[in-house]
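# Prediction below, plus the sequence it came from.
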Amino acid sequence: MMNNSKFVKFYARPYSLMAGLIFFTLLFSPVLMTKGQAKEEELLELGDDLLEDSPSSTADESWKLERDKILKEMEDYIQDVVNKKITNDITCKIITRLILRGENHKELGDFKLLKGTSWSGAIQKASQSIEEIEKEIDQQIGERVNAEYPDEKKKDFAIEAQKKYKMYKFREPVEIRRRGGYGTDTLVKGIYIACNSERIRIGHSYVARLDLSKDDEARFYEDANKKLIDLYQRQQEEVYDAKKEGYRNDLRIQLLPPAFLNGSYVPNPKKEGASIKTSKTEFWIDKYTLLNKIKNYLKSEAKKRLRAIETPKRMTAAKFILAKNKEDKEEWMPQHVADAILKEKQDAEAAKTEAPLNGMNGMNGMPADMPEIPTQPIPTQPIPTQPIPNPPK
């Protein structure tokens, strides 16, 4: 048996170059062989995969074609039912009911605004635009307004102003009331004798121009007379024009709404401020257009409800279930497809969980594919034993 001390000394000596090369070859040659064999196996497997028939996508997706066919047949059925059930006549009856109830619908509008409109009989598209109707009525209104308030009437205002502010003549008896100065609000009567830029003389009394009222001043002084006549005429014309325009507006309110109704227009229930009495065209809508809007809304809601009933009934009959696809979106599919997708997701989750452990399953945290280093037992010297002394007595 080799002495332990010699064995330790042997292993403690530095390797020679040849010994090191031999050790390296012995250590790594199994690894190189293993990796080469693995590479070859991978190439062989890849070749096998390339030679195999690739799965047919048409076969995998055939259930979708079947599902789409079922859904299309269902949609055709729903469309047919809705078209037969929701007609213009039914829609008109529903509108009439909503008007009676004073319904304020979130999507369709306030049906109280349609009170006074008729929804019986066949409803046709308006033959005239609402602007054309307005133009025709405005022409009729214009004729009536001009007959009631002719522009020639304005000439009378100038004549009225001349009469109202007719200037006094010298030696003509006058009577005025003092508006300021000494003797305010006193009556001055007498013969008009004289006038200058500062005052006038009536009998024995003198009245300063500043103490005259505006009307009296205009009857003594020409500049004041012209200003007041112009002012009076302008004011009367403005009043006249205002009356004329008011009469026009009254006629528009009186004549336009009935004309709109007769032209197959109704107040727009979606427009705030609409009324059956308004003469503003922006608050009206073609009755035929409104009828179709409401009918299309009713059809859309009916389709939703029918679809909610028919879809699960038809899909269940065809052995389809509602499950999540690969993108986690719900769709109808066969049970086996749903199971396959679920398993694929579970396998993917499991792979994510195991991935961190694949590279750390060796001893002491070393990678599993690390070559095993050959070891030899290190001889040890026996530990000499000594008798344990007895405790003192």
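That came through fine.
# C-alpha from now on. contacts and neighbour counts both.
OK.
# low-scoring stretches of the stretch 151-300 of the chain, by residue?
Applying pLDDT under 70 to the stretch 151-300 of the chain flags residues 181, 183.
# any idea where the helices of it begin and end?
155-164, 214-220, 222-262, 287-317 (DSSP state H, counting those that start in this stretch).
# so of these, which one's packed in deepest?
helix 214-220 (a mean of 19; mean count of other C-alpha atoms under 10 Å).
# re earlier: I'd like to know which of the helices of the stretch 151-300 of the chain lies nearest to Q140.
helix 222-262 (9.5 Å; C-alpha to C-alpha).
# Please compute how far that closest one lies from its chain's middle.
45 Å (C-alpha atoms, centre = their mean, to the nearest Å).
# quick one on the thing from earlier: can you redo the helices of the stretch 151-300 of the chain as JSON lines with distance to L108?
Shown next, in JSON lines, are these (distance: least, C-alpha to C-alpha, whole Å):
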{"stretch": "helix 155-164", "distance to L108": "54"}
{"stretch": "helix 214-220", "distance to L108": "63"}
{"stretch": "helix 222-262", "distance to L108": "20"}
{"stretch": "helix 287-317", "distance to L108": "7"}
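# who's the nearest residue to K329 once chain neighbours are set aside bridged to?
Once flanking residues are discounted, K329 sits nearest to A323: 7.9 Å by C-alpha to C-alpha, 6 or more residues apart in numbering. Counting by DSSP bridges, A323 forms beta bridges with E331.
# I'd like the distance between A323 and D339.
9 Å (C-alpha to C-alpha, to the nearest Å).
# So for the two, which sits in the more crowded spot?
The residue with more neighbours, out of A323 and D339, is A323; 19 against 12, by other C-alpha atoms under 10 Å.
# list the contacts for the more buried one?
329-333, 338 (C-alpha atoms under 8 Å, 6 or more residues apart in numbering).
# and the gap between it and A350?
21 Å.
# Check the offset of the strand ranked longest in the chain from the chain's centre.
Across the chain, the longest stretch assigned as strand under DSSP state E is strand 187-195. Using C-alpha atoms, centre = their mean, the distance from the centre of strand 187-195 to the centre of the chain it belongs to is 80 Å.
# what helices or strands is it leaning on?
When contacts are defined as 3 or more C-alpha pairs under 8 Å, 6 or more residues apart in numbering; DSSP states H and E, strand 187-195 packs onto strand 173-177, strand 199-202.
# any residues touching it, and which ones?
By C-alpha under 8 Å, 6+ apart, strand 187-195 touches 168-178, 200-203, 205, 220.
# quick one: buried residues of that strand?
Neighbour counts using 16 or more other C-alpha atoms under 10 Å place 188, 190-193, 195 of strand 187-195 among the buried residues.
# Out of those, flag the one nearest to I285.
Of those, the one sitting nearest to I285 (C-alpha to C-alpha) turns out to be V188, at 69.5 Å.
# Distance of the closest one relative to E73?
Distance from V188 to E73, by C-alpha to C-alpha: 106 Å.
# and what of N249?
Relative to E73, and taking C-alpha to C-alpha, N249 is found at 58 Å.
# Skip the chain neighbours and tell me the closest residue to E330.
Closest to E330 by C-alpha to C-alpha, 6+ apart is K324, at 4.2 Å.
# Burial check on the one you found, number of neighbours?
15.
# Could you check the pLDDT of it?
Note for K324: predicted pLDDT of 94.
# From F320, how far off is Q346?
From Q346 to F320 the distance is 22 Å (C-alpha to C-alpha).
# Nice, that's everything, thank you.
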